[in-house]
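Visitor: Provided below are the primary sequence and the corresponding predicted coordinates.
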Amino acid sequence: MDTTPDNSEKKKTSSVREATFSINESFGGRLLTEEEDVFEQNAWDHVEWDDEHLALAKKCIEEQKLYPVTEKDAYMTHPERYWDQFYGKNEGKFFMNRRWIAQEFPELLDLLKEDAGEKSILEIGCGAGNTIWPILKENKNSNLKIFAVDYSEKAIDVVKQNPLYDAKFCSASVWDLAGSDLLRSIEEASIDAITLIFCFSALSPDQWQQAIENLYRLLKPGGLILFRDYGRLDLTQLRAKKNRILSENFYIRGDGTRVYYMTNEELVDVFGKNFKIIQNGVDKRLIVNRKKRVKMYRCWLQAKFQK
Ligand SMILES: C[S@@+](CC[C@H](N)C(=O)[O-])C[C@H]1O[C@@H](n2cnc3c(N)ncnc32)[C@H](O)[C@@H]1O
């Protein structure tokens, strides 16, 4: 799997210094001890978190709760506007292509074979298209259709302007995963695989049920949801600034976009009633920046659900 961090994790520079917590300066993080420094630790090692880190992380989460967002309304009523601003500013330059997508989800390769027949993939929350371009690159199936949807109009413009966008294989449209209607261009129960890559975390927990109903209606019986997203206590959660917490484990980033940090247990609760759980994994990694002498703990969830 491509373990290069996405540009999304690059440190953002801002002219306004935001209020931070006293303790979350430690994440991304605390100084390496002499002992750790001599230990040959490779970047991107898979790890279990040590007790010290867990205790600090939990303390940090408790402290964050004391400083909630003061004006929630705009983030809850028009979350897509913040993504419009995001793509207006960054266009397709922010996220890297998810080159690991077929390696992590080899089920996709079956749909891309020359003799696979009519197959369809729906990428929800497609953003600038960084999940669909690597899929298209692997494709040998002339009967493949990739539907790319996002509730940000600007994101869909960016996708359509990309030279890799080929209307023979792709159809990009504005659609809200948590809306009450399905897209007219997609028949009910017609999709072979849905990719949900760093999208579900943008939903508020009170939208999960509607989203699940929509996913269920769109998939063929036997169809798959391929899921990757932020996990609980990921570095980015622990680094949240003051007054950015909307509700427990649900935050506003500096650019106004929302992010919820889920657990594997929540995935079971949310997806398990409607779908068979094929995979429900966690990818925990330790990244060491030797130059800055900091340790960073990352956490992502990866899962497969079947209708
Ligand atoms: C972090 S980006 C991920 C983009 C893409 N999946 C990728 O792999 O690069 C999350 C995207 O989800 C979209 N999104 C968030 N909530 C959505 C919703 N309710 N319906 C449709 N798209 C949504 C956002 O507009 C944003 O483009």
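Guide: Received it, and whenever you're ready, just let me know what you need.
Visitor: going forward, measure contacts and count neighbours with C-alpha atoms only.
Guide: Fine.
Visitor: quick one: Glu187 and Leu219 touch, right?
Guide: No - with contacts counted by Cα atoms under 8 Å, Glu187 stays clear of Leu219, the gap being 9.5 Å.
Visitor: neighbour count winner among those two?
Guide: Leu219 (24 against 13; other Cα atoms under 10 Å).
Visitor: which other helices and strands contact the helix or strand that contains Pro134?
Guide: For Pro134, the host element (DSSP states H and E) is helix 132-138. Secondary-structure packing of helix 132-138 (3 or more Cα pairs under 8 Å, 6 or more residues apart in numbering; DSSP states H and E): helix 101-104.
Visitor: same question for the helix it packs on, mean pLDDT?
Guide: For helix 101-104, mean pLDDT rounds to 91.
Visitor: ok, back up a step: can you list the neighbours in contact with the helix holding Pro134?
Guide: The contact list for helix 132-138 (Cα atoms under 8 Å, 6 or more residues apart in numbering) reads Asn97, Arg98, Arg99, Ile101, Ala102, Leu109, Leu112, Glu123, Cys126, Ile146, Ala148, Leu164.
Visitor: Relative to the next helix or strand after that helix, what are the paired strands and their orientations?
Guide: Heading C-terminal from helix 132-138, the first helix or strand you meet, by DSSP H and E, is strand 144-150. Counting by DSSP bridges, the strands paired with strand 144-150 are strand 119-124 (parallel), strand 170-174 (parallel).
Visitor: Of those strands, which is nearest the ligand?
Guide: strand 119-124 (5.9 Å; Cα to the nearest ligand atom).
Visitor: Distance from the closest one to the middle of the chain?
Guide: Its chain's C-alpha centre and that of strand 119-124 lie 17 Å apart, by Cα atoms, centre = their mean, to the nearest Å.
Visitor: can you list the residues of this protein near the ligand?
Guide: By Cα under 6 Å from any ligand atom, the part of the chain that sits against the ligand consists of 80, 83, 95, 124-127, 130-131, 150-152, 175-178, 197-199, 202-203.
Visitor: Got a PyMOL select line for the buried ones in those?
Guide: Selection of buried members from these for PyMOL, criterion 16 or more other Cα atoms under 10 Å:
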select buried, resi 80+83+95+124+125+126+127+130+131+150+151+152+175+176+177+178+197+198+199+202+203
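Visitor: In strands only, show me the residues of the chain next to the ligand.
Guide: Counted as lying in strands by DSSP state E, out of the residues of the chain next to the ligand, are Ile124, Asp150, Ile197.
Visitor: For the second one, which non-adjacent residue is closest in space?
Guide: Nearest non-adjacent residue to Asp150, counting by Cα to Cα, 6 or more residues apart in numbering: Gly125, 4.4 Å away.
Visitor: With the first one instead?
Guide: The shortest distance from Ile124 to any residue other than its chain neighbours is 5.1 Å, reached at Val149 (Cα to Cα, 6+ apart).
Visitor: Ok, the last one next?
Guide: Beyond its immediate neighbours in the sequence, the residue positioned closest to Ile197 (Cα to Cα, 6+ apart) is Arg228, lying 4.9 Å away.
Visitor: who's in contact with the residue nearest to the spatial centre of the chain?
Guide: Central residue of the chain (Cα atoms, centre = their mean): Phe198, 1.2 Å from the mean position. If you count contacts by Cα under 8 Å, 6+ apart, Phe198 has them with Gly125, Phe227, Arg228, Asp229, Tyr230.
Visitor: And for Asn130?
Guide: Counted by Cα under 8 Å, 6+ apart, Asn130 has contacts Phe95, Met96, Asn97, Arg98.
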